[in-house]
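Enquirer: I'd like to go over a predicted model; first the sequence, then the structure.
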Amino acid sequence: MTDDHDAPSVDITPKRWLCCHCGGTGVDSHGQTCQHCEGLGFC
Ligand SMILES: [Zn+2]
Ligand SMILES: [Zn+2]
């Protein structure tokens, strides 16, 4: 839980599409934060 979002603006691609992995819930089938959208629900 020590890894935070302190990465610089490397990827500035606007994420406004429902994630194709979690379907926009931000959580995968295991109840974990979706690695595809980082819990945003969009990718
Ligand atoms: Zn996705
Ligand atoms: Zn996702």
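Expert: Ah, there it is. Ligands and ions are numbered 1, 2, ... in the order given.
Enquirer: In three-state terms, how would Glu38 be classified?
Expert: Classification of Glu38 by DSSP: H, G, I helix; E, B strand; the rest coil places it in coil.
Enquirer: can you start the count at 52 instead of 1 from here on
Expert: Happy to do that; since the first residue is 52 now, the last one works out to Glu89.
Enquirer: Can you get me a residue count around it?
Expert: Glu89 has 14 neighbours, counted by other Cβ atoms under 10 Å. Glycine gets a C-beta too; all of them are placed from N, C-alpha and C.
Enquirer: cool, and Gly74?
Expert: 13.
Enquirer: Just want the phi and psi numbers for it.
Expert: Gly74 has phi and psi values of phi 80, psi 10 when expressed as degrees, to the nearest 10.
Enquirer: roughly how far apart are it and Asp55?
Expert: 26 Å (Cβ to Cβ, to the nearest Å).
Enquirer: can you check His72 too?
Expert: When His72 is compared with Asp55 (using Cβ to Cβ), they lie 22 Å apart.
Enquirer: swap in Gly77?
Expert: 17 Å.
Enquirer: Among these two, which residue is more densely surrounded?
Expert: The neighbour count for Gly77 versus Asp55, taken as other Cβ under 10 Å, is higher for Gly77 (17 against 6).
Enquirer: which ones are touching the more buried one?
Expert: Shown in contact with Gly77 (Cβ atoms under 8 Å, 6 or more residues apart in numbering): Cys70, Thr84, Cys85, Cys88, Gly90, Leu91, Gly92.
Enquirer: Give me the buried subset of these.
Expert: Neighbour counting over those (16 or more other Cβ atoms under 10 Å) leaves Cys70, Cys85, Cys88, Gly92 as the buried ones.
Enquirer: which of these come close to ligand 2?
Expert: Cys70, Cys85, Cys88 (Cβ under 5 Å from the ion).
Enquirer: Read off the pLDDT value for the first one.
Expert: When you say that, I think you mean Cys70. Cys70 is assigned 94 on the pLDDT scale.
Enquirer: ok, which residues in the chain are in contact with ligand 2?
Expert: For the chain, the residues in contact with ligand 2 (Cβ under 5 Å from the ion) are Cys70, His72, Cys73, Cys85, His87, Cys88.
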